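Undergrad: Curious how this folds, go ahead:
(chains A, B and C)
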Amino acid sequence: MSERDVRVGDTASRLGSGAGADGAYLQVRDLTVRFETEDGVVKAVTDMSFEVDRGKTLGIVGESGSGKSVTSLAILGLHNPKRTHTSGEILVGGRNIVGMDDEEIRRLRGRDMAMIFQDPLSSLHPFFKVGKQISEAYLIHHKSASGREAAKHAVDMLGRVGIPQPARRAEQYPHEFSGGMRQRAMIAMALVNDPDLLIADEPTTALDVTVQAQILDLLEDLQREFNSAIILITHDLGVVSQVADDVLVMYAGRAVERGTVEQVMRHPQHPYTWGLLASVPSLHGDAEADLVPIKGNPPSLINLPAGCSFHPRCRYADRNGRLSFEVVPELREADEVGHSAACHLSQADRTRLYEEDIASAGVAL
Amino acid sequence: MSETLASVIPAARKAPDREPLLKVEGLTKHFPVRSGLFGARAKVQAVDGIDFEVRPGETLGLVGESGCGKTTTGRMLVRLLEPTSGRIIFEGRDIAHLRRAQMRHLRQDMQIIFQDPYASLNPRHTVGRIVAMPLQVNHINPPGGVKKRVRELLELVGLNPEHYNRYPHEFSGGQRQRIGVARALALRPKLIVADEPVSALDVSIQAQVVNLLRDLQRELDLAFVFIAHDLAVVRHFCQRIAVMYLGKIVELGDRETIYERPAHPYTRALLSAVPDVTKLGASGRIRLEGDVPTPLNPPSGCRFRTRCWKAQEICATTEPPLDPKPNGSIAACHFPETGGLR
Amino acid sequence: MLRYLVKRVLQSVVTLIVISIVTFLLFFVAPASPARIMCGKNCDANTIASVEHRLGIDQPITTQYVNYMKGIFVGRTYGEGDFARRCPAPCLGYSFRSDEPVTDTLKRTVPVTISIVAGAAVVWLLIGISLGMVSALRRGTLFDKVAMGSALTFASMQVYFLGLIFLLIFVYSTKIMNFPRWVPPTENPAAWFKSMILPWITLGLLNSAIYARLSRAQMLETLSEDYVRTARAKGLPKRRVYLKHALRAALTPMVTIAGLDIGAALGGTVITETVFNLQGLGRTAVDSAVIWNMPVVMATVLLAAFFIVVMNVLVDMLYAVIDPRVRLS
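TA: Alright, predicted model coming up:
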């Protein structure tokens, strides 16, 4: 992983609170996360590198077990250090989270970087009022603020995330909210300290489509307002197409493709990305055509296949002799600047195969 | 696939006239809820008078957001729930209020597949036993024995018949759903109610299961009631689609009509909210405000009016009838949309 | 909220009535006639009949039940003439054997049991829950292993064993303490406290072992909840995450268990009372049963049921206070 990391976002657009940061607000380099379990070492994340700048959204796409949630928890320093081995660098505004003192990370959490989770009902404490949970997040990072100030901030935030009658709603408990309102409250809680980095882990997966659309719109509006860097973790390629500026595709704990949303969705370079796109049913194109699933199942992270982890499921694995079976492909620049893929196929092969097998197979791209 | 099919299903049932296999009339389910000690009895109008038909070999999609009543409807069809009123006519016979003993024959013709493949499989039973269960319960001894049939069924759904003696936890999510499908097929049903069968699966696996269901449907001439919130999946599987909102069908039509030129504003909003890989960015989306109202106290007149951008006075006073619209679907709207989606 | 409480109280009143009817029926069909027992050896049918009449047990069971219930609220008089015994409200029957209203017997014995249980409960809740919580937070460490190991050891012991060992160590060998002797707390609080220490520790330690294991499991489950992760993601310090967010949720189910345990213990801690020679409710019930002192036995049975039902209502109220989802449903 020695190649220059591709810059996400625009350096000029950064505002200067980055504590001496050189480059994007969040820079992850060679991040590797391992868990010790009774069955063996789980290679949850291996050699991940990416960057996100303020005002930009990076979509991390992957199926369950691809390591996308593990990555986000590592950024927040939420893994149990006793059972987790983390290496590499995670620079948040220039400060390296990896190996940082617990108390120091804690002060960054919720203030400089915040997170919203998939299931807003289970992620909010059932016993505390929504307003209290938000003002608690404010108070912990504003020691001098009074309870009343914090409560006012909470109500303001609820109003800003589009909750009607915020003062009344702040006095209610999470179970009195609807699913969409709960996620709005979660967002309000995450943004109450105006963080520079927001990680949204499947924020709309538990929601209905019309509510999902509202929440995605809200995230975009708030991003414009707060100019935060957003990492959106999802399995849904449609969601990524809609809100992401840049996309990272993960498979078996590694980044297999990375580029702008235009590059990845329009000229995908990795056979796994092709597989994902071809297997997603669409609202357009030929409804009678069969979907093209990826054969087989994702590998166990304890027992990863040798060589390219994707090779047992890849239609083209045998095109380069034993290469795919023995050598892990590196993430290399592909067809354009800023677009890279981890695949042994030559650029010419990839372009040709994509045209022949994928683009023509009824996938409406 | 067709080799094994020949042995499992003797002859494709090709009804010449294609009379409706299933006909639902005024189907209603109200759940009583009591508020407080002496509180008045209220009722959740989960499903409120819906009508539709399913012809043999046809796939009907029931779509809508949570709380629209699609799951309740599915459960009533297979009589896991007792309808409050209405008729469910299956092969000419009203089964809405059959007693348990009379249900046995019906269960052979109508099966259900659930969303969570793991929760619906007994973890202590082998796969062979799970798939054989419907045969044994109904005292059916197929030619060649139960075991032979189960192996055929496993093969039919793309599982290795050698895995007969394995337990559900040894399989992946997609494979478990295949086990559920094999079990549903054991009695050679004519209709399968599939309740969100692929929504718990990863996308690459989801496609495998959708393709399997499509193959089975075509080859075995199965009719499906396919319940799902994912409109894109429904589009790939269903020939006709019923869109539900707050316990009512608001629009029903064939695939092309529903997806290309829907009449009901709700159908349009729903479709436009689906994030699609073919479209980058979020432009041109219909923004629906607010949440779905509570089915305890649905809005008067048209139930969608509180979120509808076209709502007029009449929408609050008069419930729009579900009748044919110029686009070719039947829809319940005073001000139906015309023209294509794009 | 109010409606919920009213509902729960009404429900428990109904439960109590049902229990009292069942208890009454059981004693009515008991093989030994109280009159026959009271009458002694040389006794003829006439005497028995007259005793039965005096006791009011010659009447139909429904009348007896109504009289009994009435007695609880307004008091009643047993027998007539010279034999008349006044039993003021709340009258739970009159024991001719000890020649006093059952209520008087209970007034002596119930405070003993309540003293034992209240103190022991404090011990077991404090020790058990704090041990469990700390073990959960330090899962896998030496502390955890030692704490859970000793919990298992204590849980497998019995009151009569542990109690006797304590007596041996603290009373007979080292003479640090005197043998417990009941002193009402109103009379001499210091002496009361001193006399109660051994029973408290014995019963408390035994129960705390179970509570430690339960609360450890509960805390571990709570720590894996999404909202605990949210609390950490907000940047709350560990202490606050544990004490405010996790502890409260982990304790909620413990309230139920503690309520039921305390309710059951109030019905009589027979063995503890016997080991430490304290005349509490449980021991009195056993003693009375042995000598067929039926009015006392019946009253203790009713009282035990009453305690459990009351604790149940208390638990529900506490639940409503702790968990807003209960309060607002």
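
Undergrad: Flag the shaky bits of chain A, pLDDT-wise.
TA: Across chain A, the ranges flagged by pLDDT under 70 are A:1-22, A:360-365.

Undergrad: Which stretches in it count as helices?
TA: A:68-75, A:102-108, A:120-123, A:130-141, A:147-160, A:166-170, A:179-191, A:209-226, A:237-243, A:261-266, A:271-279, A:323-326, A:347-353 (DSSP state H).

Undergrad: how about those helices, which one is nearest B:Gln312?
TA: helix A:209-226 (21.4 Å; CB to CB). C-beta here means a position set from N, CA and C on the backbone, and glycine is covered the same way.

Undergrad: Tell me the helices and strands packed up against that closest one.
TA: In terms of contacts (3 or more CB pairs under 8 Å, 6 or more residues apart in numbering or on different chains; DSSP states H and E), helix A:209-226 is packed against helix A:179-191, strand A:229-234, helix A:237-243, helix B:265-273.

Undergrad: try it again with 7 Å
TA: Where contact means 3 or more CB pairs under 7 Å, 6 or more residues apart in numbering or on different chains; DSSP states H and E, helix A:209-226 is packed against helix A:179-191, helix A:237-243, helix B:265-273.

Undergrad: Give the buried residues for that helix.
TA: The neighbour-count check on helix A:209-226 (16 or more other CB atoms under 10 Å in any protein chain shown) flags A:209-220, A:222-223, A:226 as buried.

Undergrad: List of residues touching it?
TA: Residues from elsewhere that reach helix A:209-226 (CB atoms under 7 Å, 6 or more residues apart in numbering or on different chains): A:55, A:57, A:161-162, A:179-180, A:183-184, A:187, A:191, A:194, A:200, A:203-204, A:207, A:230, A:239, A:242-243, B:65, B:269-270, B:273-274, B:282, B:285, B:287-288, B:291.

Undergrad: Please list only the buried members of those.
TA: Buried among the contacts of helix A:209-226 by 16+ other CB under 10 Å: A:55, A:57, A:161-162, A:179-180, A:183-184, A:187, A:191, A:200, A:203-204, A:207, A:230, A:239, A:242-243, B:65, B:269-270, B:273-274, B:285, B:288, B:291.

Undergrad: can you map out the helices along the stretch 1-150 of chain C?
TA: C:2-28, C:34-39, C:45-55, C:61-74, C:102-137, C:142-155 (DSSP state H, counting those that start in this stretch).

Undergrad: where does the stretch 51-200 of chain C come near chain A, residue by residue?
TA: Within reach of chain A by CB under 7 Å from any CB of the partner chain, the stretch 51-200 of chain C has no residues at all.

Undergrad: how near is whichever residue of the stretch 51-200 of chain C sits closest to chain A to A:Asn80?
TA: Closest to chain A within the stretch 51-200 of chain C is C:Gly140: 8.1 Å, counting by CB to the nearest CB. Distance, C:Gly140 to A:Asn80, using CB to CB, to the nearest Å: 11 Å.

Undergrad: next one: A:Asp53
TA: In this view, A:Asp53 and A:Asn80 are 30 Å apart by CB to CB.

Undergrad: Residue numbers of the stretch 251-365 of chain A in contact with chain B?
TA: Counting by CB under 7 Å from any CB, the stretch 251-365 of chain A sits next to chain B at A:261-262, A:265, A:275-277, A:279-284, A:287, A:290-294, A:297, A:364-365.

Undergrad: same question, chain C
TA: So far as CB under 7 Å from any CB goes, chain C lies against chain B at C:Arg3, C:Val6, C:Lys7.

Undergrad: go with 6 Å
TA: C:Arg3, C:Lys7 (CB under 6 Å from any CB of the partner chain).

Undergrad: Taking chain C, what residue is nearest to chain A?
TA: In chain C, the residue that lies nearest chain A is C:Gly235 (3.2 Å; CB to the nearest CB).

Undergrad: got the contact list for stretch B:57-74?
TA: A:208, B:29, B:46-47, B:54, B:193, B:195, B:221, B:223-227, B:231, B:234, B:237-245, B:247, B:292 (CB atoms under 6 Å, 6 or more residues apart in numbering or on different chains).

Undergrad: I'd like the mean pLDDT over it, please.
TA: Mean pLDDT, computed over stretch B:57-74, is 92.

Undergrad: quick one: buried residues of that stretch?
TA: Residues B:57-65, B:67-74 are the ones in stretch B:57-74 that count as buried (16+ other CB under 10 Å).

Undergrad: next one: stretch C:119-127
TA: Quick answer for stretch C:119-127 (16+ other CB under 10 Å): C:Gly119, C:Ala120, C:Ala121, C:Val123, C:Trp124, C:Leu125, C:Ile127.

Undergrad: between the residues you listed, which is closest to B:Glu260?
TA: Comparing the buried residues of stretch C:119-127 against B:Glu260 with CB to CB places C:Leu125 closest, at 66.8 Å.
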